[in-house]
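Q: let's see this in three dimensions:
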Amino acid sequence: METYDLIIEELNEKTEKTVKHLRDQLASIRTGRASPALVDTIRADYYGSPTPLNQIAHISVPEARQLLIKPFDASPDVIKEIEKSIQKSNLGLNPVSDGKSLRLNMPPLSGEQRQNLVAKVKDLVEQNRVALRNERRDANKAADGMKKDGDLTEDQCKRAHDLIDKALKALEGKLDECFKVKSKEIMED
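A: Predicted coordinates:
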């Protein structure tokens, strides 16, 4: 095992977290279809504590364009808090309450809305691309520091830089694939 393998291993851990974070962000962006992931980032006040919806309610998709949210505690206060938190979110959806559950109907997206969502996805991908570049910079600095301290030879440092660049190119490909998949999802009816 080379001395720089720890740098590469740490880089891989950080960059995989970045890719996972992007996927989580993209899951919460609305498309033409309903998905429980749309409300993953929403937190409702549950007895004084902001709690994720999936921890206080069962979220299902009874129809392609509808989400059903059934709180585990169906008291009127809890339902009102969930309703308020959904209205405050930037999803642009109005929950319909029947007293025991909430339904979120997804209206079809207009062409302009779809273009705006694709632009938002592109911005998120670019932000995560910058995060990957920062992680590459940090890994390269660590390799240079090890060379300066005498832990790495010139050749080993160059090899570490090459491996770091190769890993980042592969991950940028993953980001591009995430963008393509989500954009296609948004543009479909």
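
Q: what pLDDT, on average, does stretch 178-187 get?
A: Mean per-residue pLDDT for stretch 178-187: 87.

Q: ok, and what's touching it?
A: The contact list for stretch 178-187 (Cβ atoms under 8 Å, 6 or more residues apart in numbering) reads 19, 22-23, 26, 29, 31-33, 109, 114, 117-118, 121-122, 125. C-beta coordinates here come from the backbone N, C-alpha and C atoms, glycine included.

Q: which among those end up buried?
A: The neighbour count (16 or more other Cβ atoms under 10 Å) marks 19, 22-23, 26, 29, 31-32, 109, 114, 117-118, 121, 125 as buried among these.

Q: which of those residues lies closest to Pro50?
A: Ile29 (21.4 Å; Cβ to Cβ).

Q: so that closest one makes contact with Lys120?
A: Yes - at 6.5 Å, Ile29 and Lys120 qualify as touching, with contact defined as Cβ atoms under 8 Å.

Q: please point out which parts of the helix or strand encompassing Leu132 sit buried.
A: If you go by DSSP states H and E, Leu132 is part of helix 111-148. Neighbour-count burial for helix 111-148 flags 114, 117-118, 120-121, 124-125, 128-129, 131-132, 135-136, 139-140, 142-143, 146-147 (criterion: 16+ other Cβ under 10 Å).
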